[in-house]
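**Student:** Got a predicted model here, sequence first, then my questions.
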Amino acid sequence: MSKEMFGKQTASLESTDIFPVYRIMPGDVLDLLFQIAVSSDKDFKLMPQDDIEIKFPDLPELDNEQRIRPDGKITLPYIGEVKADGNMPRQLEKTLKDLYSKILNDPELYILVKEYGAKIHELKEAIQDPPRGQSKLIRVRNDGYATFPVVGEVNVYNKTLSQITKTLNEKFHKVTEDIQINLLLHESASARVCIIGAVQNPGFYPINKPVTVVEAISLAGGFRDDAKLETVLAIRRDGDKMRHRMIDLRKILASDPEVFHTFISMNDIVYVPRTRLSHASQVAREIGDIIFYQGWSGVSFSYSLDEED
């Protein structure tokens with residue numbers, strides 16, 4: 001996020017590109033959309049529990065039906081064990097032709113996939129949600145992981161939707177290349193601001209656009225009588241550091257024409273002190289618990305809260 005968005009801005013600011021690229025946080029709910037369209041028996045990779053039929057047009061006595069074993073292999077007359085999983089049917093056809101050519105003259109064979117394996121059935125059952133169709137709502141846990149059908153746990157914390165979508169498609173394509181994954185943000189637990197200090201109702205409040213410091217404090221019911229309005233802090237993470245801007249709210253409330261508004265965006269913190277602040281170390285002590293609750297691990301803040309230019 002640019003410093004300009006956090007810095008001085010006029011009250012008439014209008015923008016449709018409000019937030020930076022959203023990164024997933026614990027508590028978010030993801031909407032996982034599936035599209036499965038098998039166009040051909042030869043467009044996917046075989047896996048354990050697939051039922052296949054090997055047909056020999058010229059030698060029907062060699063026709064054979066096989067279920068791919070858990071170890072990924074099949075056993076055929078004269079040539080023994082053959083690894084089948086991970087191959088597309090046409091690849092397995094070529095392997096079998098090469099093996100049978102050692103005992104047969106120019107063998108002809110082809111493979112029919114009679115039934116998809118257990119993982120495909122598990123996937124189809126897992127993604128069927130009667131009210132939603134082929135989609136699934138998935139909540140991100142506090143540890144930053146989310147559990148997806150068939151492919152299991154994926155670390156999604158602080159990743160963008162496009163990054164997670166790419167990872168999921170890679171994982172699901174190992175099951176079948178005929179599935180396409182799309183990911184939407186169904187519910188955000190993180191598009192919010194934290195208002196603490198001398199306000200009526202300290203806490204986290206959802207927002208869907210930047211708000212001014214005054215609007216942010218209003219979300220928390222306004223400031224208390226013991227609030228020191230001349231040293232309100234707006235705090236933001238910037239990489240591995242925290243930056244703050246000190247705001248004299250008295251001048252804003254007095255409609256001082258020389259005062260510029262500071263806009264607050266998601267995951268920012270507004271701190272309204274009860275006593276006049278003079279040291280960054282005091283700020284660090286006051287907001288330390290909130291910083292860690294926000295998941296800002298590794299952020300340098302103790303006694304070194306940097307001032308925004």
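**Tutor:** That came through fine. Every value quoted in this text rests on a predicted model; they were computed, and no experiment measured them.
**Student:** quick one, strands of the stretch 101-250 of the chain?
**Tutor:** Taking DSSP state E, counting those that start in this stretch, the strands of the stretch 101-250 of the chain run over residues 110-115, 128-129, 133-139, 145-148, 152-155, 179-187, 192-197, 203-206, 211-212, 232-238, 241-247.
**Student:** Make a markdown table from those and add distance to Tyr100 to it.
**Tutor:** Backbone N, C-alpha and C define where each C-beta goes, glycine included. As requested, the strands of the stretch 101-250 of the chain are exported to a markdown table (distance: least, C-beta to C-beta, whole Å):
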| stretch | distance to Tyr100 |
| --- | --- |
| strand 110-115 | 12 |
| strand 128-129 | 41 |
| strand 133-139 | 41 |
| strand 145-148 | 41 |
| strand 152-155 | 38 |
| strand 179-187 | 33 |
| strand 192-197 | 65 |
| strand 203-206 | 65 |
| strand 211-212 | 72 |
| strand 232-238 | 64 |
| strand 241-247 | 67 |
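**Student:** Buried residues in stretch 99-117, which are they?
**Tutor:** 99-100, 104, 107, 109-111, 113, 116-117 (16 or more other C-beta atoms under 10 Å).
**Student:** still on that earlier bit, now distance to Lys83 and mean pLDDT too, for the strands of the stretch 101-250 of the chain, in a markdown table please.
**Tutor:** Formatted as a markdown table, these follow (distance: least, C-beta to C-beta, whole Å; pLDDT from 0 to 100):
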| stretch | distance to Lys83 | mean pLDDT |
| --- | --- | --- |
| strand 110-115 | 14 | 82 |
| strand 128-129 | 32 | 60 |
| strand 133-139 | 32 | 79 |
| strand 145-148 | 28 | 93 |
| strand 152-155 | 24 | 93 |
| strand 179-187 | 23 | 83 |
| strand 192-197 | 52 | 84 |
| strand 203-206 | 53 | 82 |
| strand 211-212 | 60 | 85 |
| strand 232-238 | 50 | 82 |
| strand 241-247 | 53 | 80 |
